[in-house]
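Enquirer: Could you work out the structure for the sequence below:
(chains A and B)
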Amino acid sequence: MPKRQPITRRLMLQGLGGITIGLPWLEEMLPAATGGVRPTDVPVRAFNVFFGLGIPSPLQQEGFAGVLEPLGPLADKLLIMRGVDQLRADEPGINAHYDGASAAFTAEPPNGTARAGGASLDQMIRLGAYPNGLPTGMIPSLVAGTYFRRMDRPVRYIHSFLPDGTAAAAMQEQPRDLFARIFGSLEALDENDPRHKRLQRSVLDAVKEQANFYTGPRSPLGAQSRSRLADHLDRIREYEQRVFDSENAANRRREQPPLPPESKLLHGGQADPGGEGIDISVADLVEEWRLMADLYALAILTDRVRFGSLTFLAAGERIRLKGAYDYDGRRIFQFDDAAQRNSSGANACSHEWWHAFSESGENPQLRAHAHLKMREVAYFLSLLDREEAREANGRTVLENSLLTISTESGDGRHNDVKRELSGVFHAVTGANGRFQTGQILDVGAEGLDVYNTILGTLGVSERLGPAQRPSQRVDKIIA
Amino acid sequence: MNKSPSSRQGLQWNESCGDRCRRVVLALVRFGRPGAVFLLCGWLVLAGGVRFESCWGWAAAAATLPIGAAPISPELAALAAQRDEGSDDLGRQAATILARRCIECHDPISRAGELDLTRRESALLGGDSGAAIDLGNWEAGQMWLQIESGNMPPVGYPRLTESELATLQHWLQGGAVWPVDAIDPTEFGGDWRLAPNWLKRLTVEQYVRSVRAMTGVDIRQSAVSRLPADARADGFTNTAYNLRLDLDHVQAYAGLAREVAQQVDLVDLWRRLGIDARDLEQVDTVLQALGQAVYRGGLSAPEVVALRSVYETALGEGGNSAAGWRLVLQSLLQSPRFLFLIEAANESTTAEPVPGDELAVRLSYSLWGAPPDAELWRAAAAGELEQDQRLRAQVQRMLRDPRAQTYSEIFAHDWLDLERLSHLRPNRELFPSFNPELAVDMQRETAAYFQHVVWTQHRPLSDLFTAPIAFLTPRLARHYGVPWDYAAQLAVWRGWNGQGDARAVNESNHAGESRAIDSAGFSDRALRWPQALYVFEPGVAQPLQNLGLAGPAADLETLGEVRLDGTEQSWQFAGGFLRTTQPPGLLTARLKQQGALTIEVVLRPESLEQDGPARILTISSGTSQRNVTLGQSQDAYHIRCRTTRTNDNGAPDLQAVAGSAQLTWTHLVYTFQSNGLATLYVNGQEQGTRQVGGDFSNWSEGFHLAIGNETSGDRPWRGWLRRVAIYDQALTPADLAEAAEVLVPHDVSQQLERGGLLTQGSLLTVGGDQASMVARGLFVMEDLLYGKIGNPPPCVDSTPKPSQPGQSQRDMAMVRIEDQACRSCHAKFEPFAFALERYDGLGAYSRQDRFGNDLREDGAVQWPGSDEVLAYETTRELLAALADSDRLKRGITRKLAQFAIGRPLVPADGPVIDVIHQRGWDNGGTYTSLMTEILVSDLVRLKNP
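Expert: Okay, the predicted model is just below:
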């Protein structure tokens, strides 16, 4: 485990981050600067945190003594839910990795290869809390993560969906992309060339005017088309702010921030060579995870984003991990998937440890992989729980926000759909005192009921799932 | 997303209410009151807690029924009539439940309990437990007994809901009428709502084509690098629901718009738009013309005002008129009306005809990926697109346009997922010789094959699975084990290029077959052939024949010891050399004429001590008179090339850097451009350059060509050669890499292991490194035969397993097929892969695998939903059966329809697809005939509510 210091907002401002990125204009991104909230308000925020391949139900029973150990230090801030059932998401003919991934945060089976069955929790809450849109300049939804397996099924790694089941935003899969999406890579127009700036302004004004018309009350378009163009208009406005904001531009010119380092990992199609999996070192993977976590957390702490998702490996991920994994001063495991599986290609990937899970066995490799992911999830959560994340009500951003953590499966074996999609690990934060925390609960409920209970508790009137199904409120999770 | 339960208190709902409601709905529709249907449904949903989907399904179905004099096509009328029959909706609902819940196990192949529920007669016949349906006493039938008791679906599968049970009960009570002859889970597996109209953003390809059509600017390179790639969704990159737009797009569009505005030739643009230069002062008129072109429709008054403001801003900032128009163009190219194919909402409750201008856009983007041309706009304005025959004529005109052909490449690329090959990285231990270029060759092979079968030969699309021709590069031919005969390929190449043959065509065994290949449809952009080409391979006879265009005068005889080295797959020069028997006059003349040259050699030196320079290749008369000589001086390569600016010996020399020569296989290239610039490349890297100047007009046509020594025999070079080529143009190493791997058609009618898409590496690689029969079989079943396969059953780990001694992939497949728990699915699709067993993970053919297991090609399959068993002995037999099957043809129809309309098909499309399919295949089943039927069908002509 490389020693490194997480990037805090303060460190970022001082240019002292463990990685050499610095954002001199970050002060202008303070909550007040967005106009979104008063200093004493706590904004509504909801994020989905997904990790691939899951934690088999029997291992969840071990509590913090097992693979959940890294979440232990945050136990008081989390409600861990066992026995959450996503069986209704089973879609005959589709791999259960995909069903389970789609069910996470939506409780619905997928609808097409690139579409979830409905909205995700974060988006339902966004639409409920901000029906007229988020404050200007804020990123409507931030979707990011580290993943390799992709096929044609984005639902395996994207975990923030609009009500029509399409992705809430483009996926940012590299630290530099995420950095650019949050803080901007767009070159502001040169203040010393006001003529050029005026010309470009006139161009954008005409574009905006047309977009306004097509999203406005006199639009001849249907609701779905209007919604998609409204999304486009949001992006145009964001572009406008980044390109034409002369104040920020001056700051940026004064001191251009360095970018995060180039990713050492494979991305795009190269990361999924025909489903055969890729070799990857623990050090490189963890470095990437932490960069992504740092950047995402920073976006939250600077109130650039209030909704979205962060992914720690895709559903059914295929990697061959190698390297030592230490935690809390002790060696947890020496990863070498290919050698330990005595195989190559897909058959040598860590994925196979899940298929080979045995309730009576030790499952050392599966445990180590799951433990490592929990450590990284905990790292991300802890970034939102530091002193500088404390808000006006005395609670931290982690405590005030709804972070829902889940995965694809409650059992790695593809041999029983019911078992595979039952007991899917879930955890939530308190959402400003609304949910029980500091507990591990055997919920014994459908994911859909858990999610709808969450929505109801947060004051969202709409519900997920089919209307004819009577909703079963899961009272035990409510504070 | 629906209202919370608290909003749905009120009337109690049950299925008999549903039945009555359905009758009311249909009656209202029959009497032309579709609006009342929606009011009724809406009221029921809000007040009565009625299942929304249920009402919506009826309302949506009702919405498609003909109302009054609305111009609905015959296909839709047929659909309406079909749906207007009293029991049909209930039948469809029941069929949908059976398809989702029962047929996975109770179909003609799986026959769990010997029961097949896809057909009424087989259900009445029943299985091990007796008749599934008892028409005399519905409660006594096994189907009801099993589902009502909860025995079915079996443990591990979700129980039927109360609503599903109620539907099946009503259906059984009503006589259990099957809505179709056989229930196909693919067609009945979804719901029956009409597909929504997703707003379509231009794909990257459509963006490029649109910009080019409107402005003449080719922005492809920038667009591909700046715009996020369009991801494949439900099999295609143009799937509308997935064409979202994010900040990256906005940024890219802005940059691209600036590029286009800078590059556009305004004079040409005005000519395209039919604007006279004298009219440019009529700003609003020009804006309208520009808007029509870019927005694919007229401008509204506010849009004119906004764009005029842009124009005036440019003038106000000191710009001239041209600057103003360029700025306007920037704005247009970033506007929603350009970036999205915007259509007005259909506010009615029925599917409405698409207006002519919108239909023109649908047609052109379906066929060309580009905006309508003037003729299509004219036809739209004249109302011709509303008339069947005129619409058909327009579509057929458009299909003759080359844009239809080039856009069809996108269909093939997406359908067959050829992009997958860009990322192919098989296990190095299993496939040590694989390199990414081989995967590119596979992509090229399939693309060229598709173009040939579809557009050159205009064959039915089902022939894509049987046409006995393969488009191979030398590299791919080696990989496939197909003999590569350069002489034959030269004959073919000459045929394409309309060149007289310097060598008798009948020298080649394959020449006759090659001549049969029509050249018109082949468009390998990298096609180049050298003037002199020598390939030093095993089996090549001596004297060594020139396979280049300069003909037999450049054939080489052997002098001294030159021998084949089988280990190195090359010829070893150990003191002897090769020399022309006569001066290669034609070669020298062509080089003189062009004033440019490329010499390409693939070699491995034996030593780094040889000097002189040691002659690798020369056209000269001895050690001091030459046209050109390529040599080695210890650890550097060396060139002397005579021009009008050098002496007779070609000095001053060009020498690559020290260390450029190494004792490894090397790709060595020398180029001389007509501007006098000489360059040496070693393994693609520039290792020396010199501005020599002059030309070749002083070259002698009396000099011999020699390889491995000076023509006089006193400057020997020792080492190995694989290839020597001389071109009469200056090519880059990248050009050469393509030229060396020229794609050439091979007649494979006698090579039984090749011929047809499923024998091509591009598709065979879907099986992964282990040549998985599961993956290959699923590809055939799902992507070709639109079959539906259930989840992996108990006790199965879905990761492909390698073969092992005594157990081939087929043996493993048989274990799955014979396993009671697995066979319900695996028996359906794996036998299709049996015919491909002899192709390894990368598509190479062999009769034994690496463990010595014998591999076979026979098997027996059943088409989805059919109880007929088709046994086949050979791969070709299965491919022929596939090509002949209606199931495959229907699969092709469906894929093409999906591509044309940019969305996955839904069950409600089924009746229209049936009509398209029947007519399209009756008319030949070609791309043209099928696309015509799709574009004149209601899939394109009607707009859903």
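Enquirer: count of residues packed around the residue in the stretch 351-479 of chain A that chain B sits nearest to?
Expert: Scanning the stretch 351-479 of chain A for proximity to chain B using CB to the nearest CB identifies residue A:467 as nearest, at 3.4 Å. (Glycine included, C-beta is placed from N, CA and C.) Using other CB atoms under 10 Å in any protein chain shown, the number of residues around residue A:467 comes to 20.
Enquirer: which ones are touching the residue nearest the centre of chain B?
Expert: In chain B, the residue lying closest to the centroid (CA atoms, centre = their mean) is residue B:413, at 1.3 Å. Residue B:413 sits next to B:419, B:447 when contact means CB atoms under 8 Å, 6 or more residues apart in numbering or on different chains.
Enquirer: Where does it fall, secondary structure wise?
Expert: helix B:402-415 (DSSP states H and E).
Enquirer: in that helix, what's buried?
Expert: The neighbour-count criterion (16 or more other CB atoms under 10 Å in any protein chain shown) identifies B:403-415 as the buried residues of helix B:402-415.
Enquirer: Who's the closest spatial neighbour of whichever residue of the stretch 51-200 of chain A sits closest to chain B, skipping the chain neighbours?
Expert: Distances between the stretch 51-200 of chain A and chain B by CB to the nearest CB are smallest at residue A:114, namely 3.3 Å. The shortest distance from residue A:114 to any non-neighbouring residue, by CB to CB, 6 or more residues apart in numbering or on different chains, is to residue B:233 (3.3 Å).
Enquirer: Check that neighbour and give its pLDDT.
Expert: pLDDT, residue B:233: 92.
Enquirer: does it really touch residue A:150, like I thought?
Expert: No: here residue B:233 lies out of contact with residue A:150, judged by CB atoms under 8 Å, at a distance of 11.9 Å.
Enquirer: Which of those two has more residues huddled nearby?
Expert: For residue B:233 versus residue A:150, neighbours defined as other CB under 10 Å are more numerous around residue B:233 (23 against 20).
Enquirer: where exactly do the helices run in the stretch 751-900 of chain B?
Expert: Applying DSSP state H, counting those that start in this stretch to the stretch 751-900 of chain B gives helices spanning B:761-764, B:773-778, B:809-818, B:823-834, B:875-884, B:886-901.
Enquirer: With the stretch 101-250 of chain B instead?
Expert: Applying DSSP H, counting those that start in this stretch to the stretch 101-250 of chain B gives helices spanning B:120-125, B:142-149, B:162-173, B:185-188, B:204-215, B:220-226, B:247-263.
Enquirer: quick one: which of those helices has the weakest pLDDT on average?
Expert: Mean pLDDT is lowest for helix B:185-188 among the helices of the stretch 101-250 of chain B, at a mean of 76.
Enquirer: so what does that one touch, helix or strand wise?
Expert: Helix B:185-188 sits against helix B:88-101, with contacts defined as 3 or more CB pairs under 8 Å, 6 or more residues apart in numbering or on different chains; DSSP states H and E.
Enquirer: and the residue of the stretch 51-200 of chain A closest to chain B, what does it touch?
Expert: Residue A:114 is in contact with A:152-155, A:166-167, B:231-234, B:239, B:241-242, counting by CB under 8 Å, 6+ apart.
Enquirer: now with 6 Å?
Expert: If you count contacts by CB atoms under 6 Å, 6 or more residues apart in numbering or on different chains, residue A:114 has them with A:154, B:233, B:242.
Enquirer: go on, residue A:106?
Expert: Contacts for residue A:106 (CB under 6 Å, 6+ apart) come out as A:116, A:117, A:118, A:120.
Enquirer: looking at the chain, which helix or strand is least sure?
Expert: No chain specified, so I'll use chain A. helix A:31-34 (a mean of 38; mean pLDDT, DSSP states H and E).
Enquirer: should've been chain B
Expert: For chain B, judged by mean pLDDT, DSSP H and E, that is helix B:511-515, with a mean of 28.
Enquirer: residue ranges of the strands in the stretch 151-300 of chain A, please?
Expert: A:171-172, A:278-281 (DSSP state E, counting those that start in this stretch).
Enquirer: Just send the ones you listed back as CSV, with mean neighbour count and distance to residue B:897 too.
Expert: Output for these, formatted as CSV (neighbours: other CB atoms under 10 Å in any protein chain shown; distance: least, CB to CB, whole Å):
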stretch, mean neighbour count, distance to residue B:897
strand A:171-172, 24, 29
strand A:278-281, 17, 37
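Enquirer: isn't residue B:871 right next to residue B:859, touching?
Expert: No: counting by CB atoms under 6 Å, residue B:871 does not reach residue B:859; the two are 7.5 Å apart.
Enquirer: Specify which residue of the two has the higher count of neighbours.
Expert: Taking residue B:871 and residue B:859 together and counting by other CB under 10 Å, residue B:859 has the greater number of neighbours (23 against 12).
Enquirer: Number of residues surrounding residue A:383?
Expert: 24.
Enquirer: Quick check, pLDDT for it.
Expert: Residue A:383 carries a pLDDT value of 96.
Enquirer: What's the local residue count around the residue lying closest to it once chain neighbours are set aside?
Expert: Closest residue to residue A:383 apart from its sequence neighbours, by CB to CB, 6+ apart: residue A:297 at 3.6 Å. By the measure other CB under 10 Å, the count of residues near residue A:297 is 26.
Enquirer: For residue A:297, give its distance to residue A:43.
Expert: 15 Å (CB to CB, to the nearest Å).
Enquirer: One more: residue B:112?
Expert: Using CB to CB, residue B:112 is found at 55 Å from residue A:43.
Enquirer: for residue B:862, same thing?
Expert: Plainly put, residue B:862 is 59 Å away from residue A:43 if you go by CB to CB.
Enquirer: could you pull out the helices for the stretch 51-200 of chain A?
Expert: Along the stretch 51-200 of chain A, the segments classed as helices by DSSP H, counting those that start in this stretch run A:57-60, A:96-103, A:121-129, A:175-183, A:194-215.
Enquirer: per-residue confidence averaged over the second one?
Expert: When pLDDT is averaged over helix A:96-103, the result is 86.
Enquirer: For that helix, C-alpha coordinates in PDB please.
Expert: Coordinates of each C-alpha in helix A:96-103 appear next as PDB, following Å, rounded to 0.1, in the frame of the first residue of the first chain:
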ATOM      1  CA  ALA A  96     -27.100 -12.200 -13.900                       C
ATOM      2  CA  HIS A  97     -24.100  -9.800 -13.700                       C
ATOM      3  CA  TYR A  98     -26.000  -7.500 -15.900                       C
ATOM      4  CA  ASP A  99     -29.400  -8.000 -14.100                       C
ATOM      5  CA  GLY A 100     -27.800  -7.400 -10.700                       C
ATOM      6  CA  ALA A 101     -25.900  -4.400 -11.900                       C
ATOM      7  CA  SER A 102     -29.000  -2.800 -13.300                       C
ATOM      8  CA  ALA A 103     -30.900  -3.600 -10.100                       C
END
